[in-house]
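Trainee: The sequence and its predicted three-dimensional model are supplied below.
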Amino acid sequence: MLDRAPYLVEPYLDALAATGQFDRLVSTARERSATAHATWLLATNARPFSALAMQRLARGGGREPEAVAGGALALFLAGRPDLAALACDRDRPEARLLPGVGVTPFPGPDELWQMEHEPERCPAMTALATSGLAALLGHVHQVVPGADPDHVDVALLAEREKDLRSSLAGATVCLVGELAQRRELIAALQAQGAQLVDGPFARTDYYIAGADADPTTLARLRSLGVRELPAHGPWS
């Protein structure tokens, strides 16, 4: 059914969350590349560690509004309000690219239109753009009895703390695929102290993926525990 009607993926994930089937939600979101929406659902249903694990898989380093909002909320629920506040400050979502507009800060023209005309479609985006963490907390709710439990992994907190508190000094970064303004990006990364590497090596810290990045290479990097950075960040 979902193969023939991809527009039903998010409503299906909503239904799984409403019935407490979080393990199935996670597997479906991974199969259907709906990781940002799943991050938000897991966080608002008080499954913070599952949300943090899902955010790692989200596109663009987890910079879609629902991934950013869900990740920050998950940090608060996991007992790290300090990291949650830091995530709201540093993990700014990327605005959607529109033809003829180019790169704009979040919220961009598309997000502003949605918040004015269809605010119910993405409460995570509205909360991030208006009141931040305080607004996000208002979206947490109770789950049905017998719901699938969270899968606690405290290493996820250490990983997020490293990402949020440390600079790129000494980190190794792999660029995959064609990237706009590649020379400028490399110069900016090197100015931050990062070291560029040529392939998916086991000790690589981060990767940045272009639109045409080879899926096999990306899968190899993720299997090695390499984390994704967005192409547009504080270093670009």
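Mentor: Noted; the coordinates are in hand. The structure presented is a predicted model; accordingly, all values stated were derived computationally and were not measured.
Trainee: all contacts plus neighbour counts: C-alpha atoms, from now on.
Mentor: OK.
Trainee: Ala18 and Val144 touch, don't they?
Mentor: Yes: with the criterion set as Cα atoms under 8 Å, Ala18 and Val144 qualify as a contacting pair; they are 7.3 Å apart.
Trainee: Looking at those two now, which is surrounded by more residues?
Mentor: Neighbours were tallied for Ala18 and for Val144 using other Cα atoms under 10 Å; the higher tally belongs to Ala18 (16 against 13).
Trainee: For the more buried one, list the residues it contacts.
Mentor: Taking Cα atoms under 8 Å, 6 or more residues apart in numbering, we find Ala18 in contact with Val143, Val144.
Trainee: quick one, phi psi at it?
Mentor: phi -60, psi -30 (degrees, to the nearest 10).
Trainee: For it, give its distance to Ala67.
Mentor: The spacing between Ala18 and Ala67, counted by Cα to Cα, to the nearest Å, is 19 Å.
Trainee: same check, this time on Ala158
Mentor: For Ala158, the distance to Ala67 (Cα to Cα) stands at 18 Å.
Trainee: Comparing the two, which residue is more hemmed in?
Mentor: Set Ala158 next to Ala67 and count neighbours by other Cα under 10 Å: Ala67 wins out with 33 against 11.
Trainee: Distance of the closest residue to the more buried one other than its chain neighbours relative to Gln55?
Mentor: The shortest distance from Ala67 to any residue that is not its chain neighbour, by Cα to Cα, 6 or more residues apart in numbering, is 4.4 Å, and that residue is Ala36. With distances defined as Cα to Cα, the gap from Ala36 to Gln55 amounts to 7 Å.
Trainee: could you say what helices and strands the longest helix along the chain packs with?
Mentor: Longest helix of the chain, by residue count under DSSP state H: helix 65-77. Applying 3 or more Cα pairs under 8 Å, 6 or more residues apart in numbering; DSSP states H and E, we find helix 65-77 packed against helix 35-44, helix 48-57, helix 81-90, helix 123-130, helix 133-137.
Trainee: Can you tell me which of those is most buried?
Mentor: Per-residue neighbour counts averaged over each of those give the maximum for helix 35-44, namely a mean of 28 (mean count of other Cα atoms under 10 Å).
Trainee: Surely the residue nearest to Ala67 is in contact with Ala69?
Mentor: No: with contact defined as Cα under 8 Å, Ala36 does not reach Ala69; the gap is 9.3 Å.
Trainee: Can you give the distance from stretch 4-22 to the centre of its chain?
Mentor: Its chain's C-alpha centre and that of stretch 4-22 lie 19 Å apart, by Cα atoms, centre = their mean, to the nearest Å.
Trainee: hang on, I meant stretch 58-72
Mentor: 2 Å.
Trainee: follow-up on the earlier one: relative to helix 48-57, how tilted is the longest helix of the chain?
Mentor: An angle of 140 degrees separates the directions of helix 65-77 and helix 48-57 when computed by axes from the mean of the first three to the mean of the last three Cα atoms, to 10 degrees.
Trainee: Taking helix 35-44 as reference, get the angle to helix 65-77.
Mentor: Using the same axes, to 10 degrees, one finds that helix 65-77 and helix 35-44 are set 30 degrees apart in direction.
Trainee: Show me what helix 65-77 is in contact with.
Mentor: Outside helix 65-77, the residues that touch it by Cα under 8 Å, 6+ apart are 35-37, 39-44, 46-49, 51-52, 55, 58, 62, 81-85, 87-88, 91-94, 122, 124-125, 128, 133, 136-137, 157.
Trainee: can we see that at 6 Å?
Mentor: Here helix 65-77 makes contact (Cα atoms under 6 Å, 6 or more residues apart in numbering) with 36-37, 39-40, 43, 48, 52, 55, 84, 87, 93, 124-125.
Trainee: so Thr204 is in which element?
Mentor: Assessed by DSSP states H and E, Thr204 sits outside every helix and strand.
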